[in-house]
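Colleague: Got a sequence here, can you model it:
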Amino acid sequence: MTTRTTSIGRRIAERGRHFVGAPWAGGVVLMIFVVAALLLANNPATSGWYNTILQTPLTLSVGEGGHVFDFSLDIEHFINDGLMVVFFFVVGLEIKRELLVGRLSSVRQAMLPIAAAIGGMVVPAAIYAAFNTGGDYSAGWGIPMATDIAFAIAVLSLMGDRVPTSLKVFLTALAIVDDLGAIVVIAIFYTYKLNWICLALIAVLMVALWLMRRAGVTRVLPYLLIAAAVWFLFYESGIHATISGVIMAMLIPSKPALSKKMFLHRQNQIVEDFRFHDRDGVEVLQNEEQHEALLKLKRTATDAIGLSRRMEHMLHPWVTFLIMPLFALANAGVGLQAEALNPFATTLGTGIFLGLVVGKPVGIFLASWLAVKCRVAALPDGVSWTPLIGVVCMGGIGFTMSIFIDTLAFAGNAATIDAAKVSILIASASAAVLGWAVVSASGSLRRRAGASRAI
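Modeller: Numbering: from 1, shown residues only. Predicted structure coming up:
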């Protein structure tokens, strides 16, 4: 019985690891939490306590009655302004890695996703502005500019080998540049009142961080302490607190403490020491010298990986399977009354829907086509324009960042925020279905063409 239970446990654990490692897993979990939020918000039996929980305050108080320090956030703002800073921190680390050694590290590699991302931001914003400039919804022009990388990659991954790997790489790079553009938009256009004292203190901490880098500090704890202080100062400064995550990410050292040559040298020494202290019949747990050698090997391997890469690897599962699902749970719970389900009922919904479903693919495709025709960029290897159209349609999946900008653009106006969220959900689902259909159709055409040539 015990052996059977252990075997079942191992199989469950193995399948769990396989699921967590799948590229589509994050998008699937996100979708489950979106559906859960909609069910909770629209069920009379659960809607009351769902909203009550989100509005429950979390308070940190020092001194009697908060005399020394008093800070409070409700759960919804704790998720949006607190936990989401970790999401932006990981996004910043990904952007930095791509710029240093990834798909954005050379001009030739970077030009196509950069051009595509710019087109995919400008055209949707222009479409939204065409319907809403000068009206009550004019501040929301940034909503249709963003692409949700988790959802988009999940949809592509679920399509398997119908989508060439090079196109998945292209969409990932495009979404990363797109995220950078959204961060700049948030920092510049959705910041209203600045506290210059807080900004001065942030500058002092940034200098301290730079000195830590120069001194070769690679431990996580000092950076986390500064990150917490920087987050609080950003929160009080008037600039949205999540921007602190991106700035911190850019200043985290990428260079490892040990070079590859030094790592190999130390590794060989430690392995030799491990062999020297080997004793027949004695396990490592009973051999102090060998146990210490393994710990040294672990520390050496850690020192051979840059701090930014270590932190990205450590935080990515938490962001994918905890923070983003919690964001979806807290923000996707909107009422789905019949009138709200028609995105064309208002200029707000029309601008968002057309911006994401039409503006995104048109902007991405036109900018990519111009970049290729002007010979400043090249199509991904083995890819023609037809399958590219299907992939760029998925650029209209704007869930996470679009909702985030929505909460900033219409802060204080809950009805408008919720109306925009419904339009974002409908537009993102439509973009996913459209992209799936176009990619599937292009795959069928390729197979038919191949069969005709074979005949």
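
Colleague: could you pull out the helices for the stretch 1-150 of the chain?
Modeller: Assigned by DSSP state H, counting those that start in this stretch, the helices in the stretch 1-150 of the chain fall at 2-21, 25-42, 47-54, 75-77, 84-101, 107-132, 149-158.

Colleague: just so I know, which of these lies nearest Asn413?
Modeller: helix 107-132 (14.1 Å; C-beta to C-beta). In short, each C-beta sits where N, CA and C put it, glycine included.

Colleague: Roughly how far does the residue nearest to Val391 when sequence neighbours are not counted sit from Gly119?
Modeller: Spatial nearest neighbour of Val391, chain neighbours left out: Leu167 (4.9 Å); criterion: C-beta to C-beta, 6 or more residues apart in numbering. According to C-beta to C-beta, to the nearest Å, Leu167 stands 17 Å off from Gly119.

Colleague: which SS class is Leu224?
Modeller: Per DSSP: H, G, I helix; E, B strand; the rest coil, the secondary structure class of Leu224 is helix.

Colleague: what does the model give it for pLDDT?
Modeller: pLDDT, Leu224: 87.

Colleague: chain center to stretch 285-305, what's the gap?
Modeller: 34 Å (C-alpha atoms, centre = their mean, to the nearest Å).

Colleague: Among the helices of the stretch 1-150 of the chain, which comes closest to Ala208?
Modeller: Taking C-beta to C-beta, helix 84-101 is the member of the helices of the stretch 1-150 of the chain nearest to Ala208, at 17.9 Å.

Colleague: re earlier: and Leu167 and Gly119? Which one has more around it.
Modeller: Gly119 (26 against 22; other C-beta atoms under 10 Å).

Colleague: On the C-terminal side of the helix or strand where the residue nearest to Val391 lies, identify the next helix or strand.
Modeller: Under the criterion of DSSP states H and E, Leu167 resides in helix 165-189. Sequence order places helix 196-214 as the next helix or strand after helix 165-189, per DSSP H and E.

Colleague: any idea how far that following helix is from the chain center?
Modeller: 26 Å.

Colleague: buried residues in that helix?
Modeller: Cys198, Leu201, Ile202, Leu205, Met206, Leu209, Met212, Arg213 (16 or more other C-beta atoms under 10 Å).

Colleague: Please name every helix or strand in contact with that helix.
Modeller: Contacts defined by 3 or more C-beta pairs under 8 Å, 6 or more residues apart in numbering; DSSP states H and E place helix 196-214 against helix 220-237, helix 243-251.

Colleague: highest average neighbour count across these?
Modeller: helix 243-251 (a mean of 22; mean count of other C-beta atoms under 10 Å).

Colleague: thinking again about what came up before, tell me which of the helices of the stretch 1-150 of the chain lies nearest to Thr347.
Modeller: helix 107-132 (4.4 Å).

Colleague: what about the most far-flung residue of the chain relative to its centre, helix or strand, and which?
Modeller: For the chain, the largest distance from the centre (C-alpha atoms, centre = their mean) belongs to Asp280, which lies 50.3 Å off. For Asp280, there is no helix or strand it lies in under DSSP H and E.

Colleague: gap between it and Asn287?
Modeller: Computed with C-beta to C-beta, the distance linking Asp280 and Asn287 is 11 Å.

Colleague: Could you do Ile226 as well?
Modeller: 40 Å.

Colleague: Over to Thr46?
Modeller: Counting by C-beta to C-beta - Thr46 and Asn287 are separated by 57 Å.

Colleague: What residues sit buried inside the helix holding Leu167?
Modeller: Going by neighbour count (16+ other C-beta under 10 Å), the buried part of helix 165-189 is 167-183, 185-186.

Colleague: For the helices of the stretch 1-150 of the chain, give me CSV that also has distance to Ala411.
Modeller: Putting these into CSV (distance: least, C-beta to C-beta, whole Å) gives the following:
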stretch, distance to Ala411
helix 2-21, 35
helix 25-42, 20
helix 47-54, 16
helix 75-77, 11
helix 84-101, 15
helix 107-132, 17
helix 149-158, 24
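
Colleague: got those helices as CSV, with mean pLDDT and distance to Val362 columns?
Modeller: Output for these, formatted as CSV (pLDDT from 0 to 100; distance: least, C-beta to C-beta, whole Å):
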stretch, mean pLDDT, distance to Val362
helix 2-21, 71, 35
helix 25-42, 87, 24
helix 47-54, 90, 36
helix 75-77, 87, 34
helix 84-101, 85, 25
helix 107-132, 90, 6
helix 149-158, 73, 17
